[in-house]
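> give the three-dimensional model of this entry:
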Amino acid sequence: MLNISHNKLNKKVDLSGFKSGKKVFFKRNYVYFNRFLIAFALILFIVLFLPWTQNVTSTGNVTTLKPGQRPQTIQSPIPGKIEKWYVNEGDFVKKGDTILFISEVKNAYFDPKLKERTQQQINAKSKSVRSYEDKVQSLENQITALKKEQLLKTAQAKNKLAQSKLKVVSDSIDFEASKINLNIAKKQYDRTVSLEKEGLKAVRDVEDKKLKLQASTAKKVSMENKLLTSKNEVLNAEIELNRIDASYKEKISKAESNKFTAQSGQFDTEAQVTKLENSYSNYSKRSDLYYIKAPQNGYINKALRAGLGETFKEGERLVGIMPANYEVAVETFIEPIDLPLIHVGEKVQIQFDGWPAIVFSGWPNASYGTFTGVIVAVENFISENGKYRVLIAPDKESPIWPEAIRVGSGARTMALLKDVPIWFELWRKLNGFPPNYYQSKKSMKNDSKK
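All right, here's what the predicted structure looks like:
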């Protein structure tokens, strides 16, 4: 049977007479098989020309549309020690509800009456400020009084100076009159002497004229002395006027110096009051921070610091909270080569984990169990995983997404692109080419506007 020898059994024995031989060596079987191959080739050829929708598939997870609706952790802005928990994991809390109470760990804030003592310091410094204000007001009144007194004294001194000048004028007139009288008396005396020599006048007349001449000389000397005294009084009046001006300037300057010193002390004390008030506000705000409160309505996920008496630093995470009200979205990541194909406003098909679905990527109309979303944001900078982040929101014109999906669950997305023949898609896949580049109507309108 193995045809090892030269005596071939198939040439000596007719196998076609046997039942098995008839089935094997029946030539009509080849005809049916050939027809099947031809029909299959024709069907395959026709299928190659059927339309195929190009798509960009990726994986992601369910998130929230707004950043404030995503799961978050609550931190304490100050270091402290856990004293009491008011909630358990899984509890629902409203905005402002107390989650836990902490106590101080810094010795600068251990004093239980720190706020009261600070308030007392503020009151004492405020009284000191008022004292400085009163002192400044008193000095201002003193300066005003000195200026008024200076004006009066100056006016008095000017009047006296004017009187002295008028007296000098009067005395100078009297002095000139005495000089004239003296000349007249001298001429009369000389005339009388000459007449007495001629015998026309008596000796007694000469003596009278001589006496009158001496009296005129004495009066002249007296008037000259009086004039010099008046001039001296003018100088004294001018000196007094200057002395009054210098004296009051010194007094006013000293009072203003004291006023500025008081104002400096007032401003310094006001600065201390402001600093103490700032400290008081900080202490009040810090005491409010002892109660860690819920920032919004939500559910307590996990206590990251659970033990009583456990200390922590500022900014350290204490507990996680999930907002109660949120708008779901899908966060997915695409390859950099597919980034030019994704535009804001385009629709995407989504398959959620836990929801059975039958997906035909090339025929989206034949898919079952998928939901429609709209691209609302495309990240401009590459993520740590080497891909670009895309945020997808529910499509309002399509069926509503399942209410039971939760933030963090997985999702598969499929962005539909251009319709091409299947042979073209196979050729593209074999060559590793990206899908055909196209622009949506919205993006084309935006480009035309630009």
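> okay, now residue 106: neighbour count?
10 (other CB atoms under 10 Å). Heads up, the C-betas are built off the backbone N, CA and C, glycines and all.
> quick check: longest strand of this protein.
Across the chain, the longest stretch assigned as strand under DSSP state E is strand 51-64.
> helices or strands next to that one in the packing?
strand 328-334, strand 388-394, strand 410-421, helix 422-431 (3 or more CB pairs under 8 Å, 6 or more residues apart in numbering; DSSP states H and E).
> who touches residue 165 in this structure?
With contact set as CB atoms under 8 Å, 6 or more residues apart in numbering, residue 165 has these partners: residue 234.
> how near is it to residue 157?
To residue 157, residue 165 is 13 Å away according to CB to CB, to the nearest Å.
> what lines up beside the longest strand of the chain in the sheet?
Using DSSP bridges, strand 51-64 pairs in its sheet with strand 328-334 (antiparallel), strand 410-421 (antiparallel).
> check what pLDDT the residue positioned nearest the centre of the chain gets.
The chain has residue 77 as the residue nearest its centroid, 18.5 Å off, counting by CA atoms, centre = their mean. Note for residue 77: predicted pLDDT of 88.
> could you give the mean pLDDT of the longest strand of the chain?
For strand 51-64, the mean pLDDT works out to 81.
> mind listing what's buried along it?
By 16 or more other CB atoms under 10 Å, the buried positions in strand 51-64 come out as 52-56, 58, 60, 62-64.
> about what we covered before: among the helices and strands packed on strand 51-64, which comes closest to residue 256?
When the helices and strands packed on strand 51-64 are compared by CB to CB, strand 388-394 sits nearest residue 256, at 70.0 Å.
> just how off-centre is the closest one within its chain?
On the basis of CA atoms, centre = their mean, to the nearest Å, strand 388-394 sits 31 Å off its chain's mean C-alpha point.
> make a markdown table out of the helices and strands packed on strand 51-64 and add mean neighbour count.
Shown next, in a markdown table, are those (neighbours: other CB atoms under 10 Å):
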| stretch | mean neighbour count |
| --- | --- |
| strand 328-334 | 23 |
| strand 388-394 | 21 |
| strand 410-421 | 18 |
| helix 422-431 | 13 |
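> redo those as CSV? Include distance to residue 251 and mean pLDDT.
Listed next are those as CSV, based on distance: least, CB to CB, whole Å; pLDDT from 0 to 100:
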stretch, distance to residue 251, mean pLDDT
strand 328-334, 81, 90
strand 388-394, 80, 91
strand 410-421, 90, 77
helix 422-431, 103, 75
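> which one, of the ones you listed, ends up nearest to residue 354?
Of all the helices and strands packed on strand 51-64, strand 410-421 sits nearest to residue 354, with 8.6 Å by CB to CB.
> in a markdown table: the strands paired with strand 51-64, plus distance to residue 313.
Putting the strands paired with strand 51-64 into a markdown table (distance: least, CB to CB, whole Å) gives the following:
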| stretch | distance to residue 313 |
| --- | --- |
| strand 328-334 | 31 |
| strand 410-421 | 35 |
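> wait, which of the ones you listed is closest to residue 181?
Closest to residue 181 of the strands paired with strand 51-64, according to CB to CB: strand 328-334, at 126.2 Å.
> who's in contact with the closest one?
56, 58-65, 342, 348, 350, 373, 376, 383, 385, 387-394, 401, 405, 407, 411, 413, 415.
> now it against strand 388-394, angle please.
When axes from the mean of the first three to the mean of the last three CA atoms, to 10 degrees is applied, the directions of strand 328-334 and strand 388-394 differ by 150 degrees.
> strand partners (parallel or antiparallel) of the very next helix or strand once past strand 328-334?
With elements assigned by DSSP states H and E, the helix or strand that comes after strand 328-334 is strand 347-352. According to DSSP bridges, strand 347-352 has the following sheet partners: strand 371-378 (antiparallel), strand 410-421 (antiparallel).
> can you add distance to residue 268 and give those back as JSON lines?
JSON lines is the format used below for the strands paired with strand 347-352 (distance: least, CB to CB, whole Å):
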{"stretch": "strand 371-378", "distance to residue 268": "55"}
{"stretch": "strand 410-421", "distance to residue 268": "66"}
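> out of these, nearest to residue 106?
Smallest distance to residue 106 across the strands paired with strand 347-352 (CB to CB): 43.0 Å, for strand 371-378.
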